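> Need coordinates for the following:
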Amino acid sequence: MLNIAPSALYIHIPFCTNKCFYCDFNSYVLKGQPVDDYLTALEHEMELTAAALPPQEIRTVFVGGGTPTVLNPVQMERFLSSVKRHFPLYGDLEFTMEANPGTTDPDKLAAMRAGGVNRISFGVQSFDNGLLEWIGRIHNVDDVYRSIENARAAGFDNLSIDLMFGLPGQTVQLLSESVDRALALELPHYSLYGLKVEENTLFHAMYERNELPLPPEDDELAMYMLLIEKLKGAGFHHYEISNFAKPGFESRHNTTYWRNEPYYGLGAGAHGYARGERHMNIKGVQPYIDAAGVRLPRLETN
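Numbering: from 1, shown residues only. Below is the predicted model:
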């Protein structure tokens, strides 16, 4: 059992247009970053990984970040070609890529589609422009609609959006309006996350200074119950604490994690699990590049 190769693959693209105020993910503002060098290092990690534990058949791929869609169309094509070259992709593959509204123009979507991506998860967070500004997002509501429209025009029908609740200044009514606008898009999947104030974020610093106007706990509970009521009422299956799907559109990749099944994890700060061992990669962009050029870029394995 321990020698069975994973059928799931996670790849981390750590670049973002900006750092959101609540974000503690391993991500770095894109400007000035050695993106092409990173893609070279990532391809070398793919090569070393495939040699160390030869893949048999990949059934799910998830590209997260960061914001993977900050790659330009040429970089996107290069990256997706390298995935195909090193990992045999199953015919009925679920291939998800995270995206931010406003970062998916038609050329980039065409490169994604040609490269095998067939599911996009958009980090929308809210349909209220004031709240989006409050939490440090750089897109607006118009960008959301344009991005969904562009994705559908490019042939994507397996689309998901993330929404957040418990945000500073958010009320139950504001959340209700966001959920109604989200449901009006008639997407097959929605992820709904409560805000966690994590260390090493701007929000944590504000919280420590008592400058973060979070909703009362009773309101946050009411928000979560409202989400469940609205999504279930719209015919969605509440298949995981934060995730709702139409039948057949549950995230197959995330199910790998919940079932504690093995998966490849590549890229800066990525986690992987195979042969009974878990690993975490080196986090920093340049340290990762330097390490992946000569070896598997592990920070720790246990």
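> Now do residue 207, the pLDDT please.
At residue 207 the predicted local confidence, pLDDT, stands at 89.
> what about the protein, any weak spots by pLDDT?
Screening the chain residue by residue with the criterion pLDDT under 70, one finds the ranges 1-3.
> Strands along the protein, start to end?
Secondary structure of the chain (DSSP state E): strands at 8-13, 15-16, 28-29, 58-65, 89-99, 119-125, 158-165, 189-194, 237-240, 243-245, 264-266, 271-274, 277-281, 298-301.
> Kindly reformat these as a markdown table containing mean neighbour count.
Where you see a C-beta, it was placed from the backbone N, CA and C, and this is true even at glycine. Listed next are these as a markdown table, based on neighbours: other Cβ atoms under 10 Å:
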| stretch | mean neighbour count |
| --- | --- |
| strand 8-13 | 24 |
| strand 15-16 | 22 |
| strand 28-29 | 16 |
| strand 58-65 | 23 |
| strand 89-99 | 19 |
| strand 119-125 | 24 |
| strand 158-165 | 21 |
| strand 189-194 | 20 |
| strand 237-240 | 15 |
| strand 243-245 | 22 |
| strand 264-266 | 24 |
| strand 271-274 | 19 |
| strand 277-281 | 16 |
| strand 298-301 | 12 |
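> Tell me where this protein has helices.
Listed in chain order, the helices of the chain (DSSP state H) span 35-52, 73-86, 106-114, 129-134, 141-153, 172-184, 202-208, 217-233, 252-258, 285-292.
> And these: which comes nearest residue 265?
Residue 265 lies closest to helix 35-52 among these, at 9.2 Å (Cβ to Cβ).
> Work out the gap between the closest one and the centre of the chain.
What separates the centre of helix 35-52 from the centre of its chain is 20 Å, taken as Cα atoms, centre = their mean, to the nearest Å.
> Could you do stretch 292-302 as well?
Here the centre of mass of C-alpha atoms in stretch 292-302, compared against the chain's by Cα atoms, centre = their mean, lies 23 Å away.
> on that earlier part again, what's the closest of the helices of the chain to residue 22?
helix 202-208 (4.8 Å).
> Quick one: closest of the helices of the chain to residue 99.
Taking Cβ to Cβ, helix 141-153 is the member of these nearest to residue 99, at 7.2 Å.
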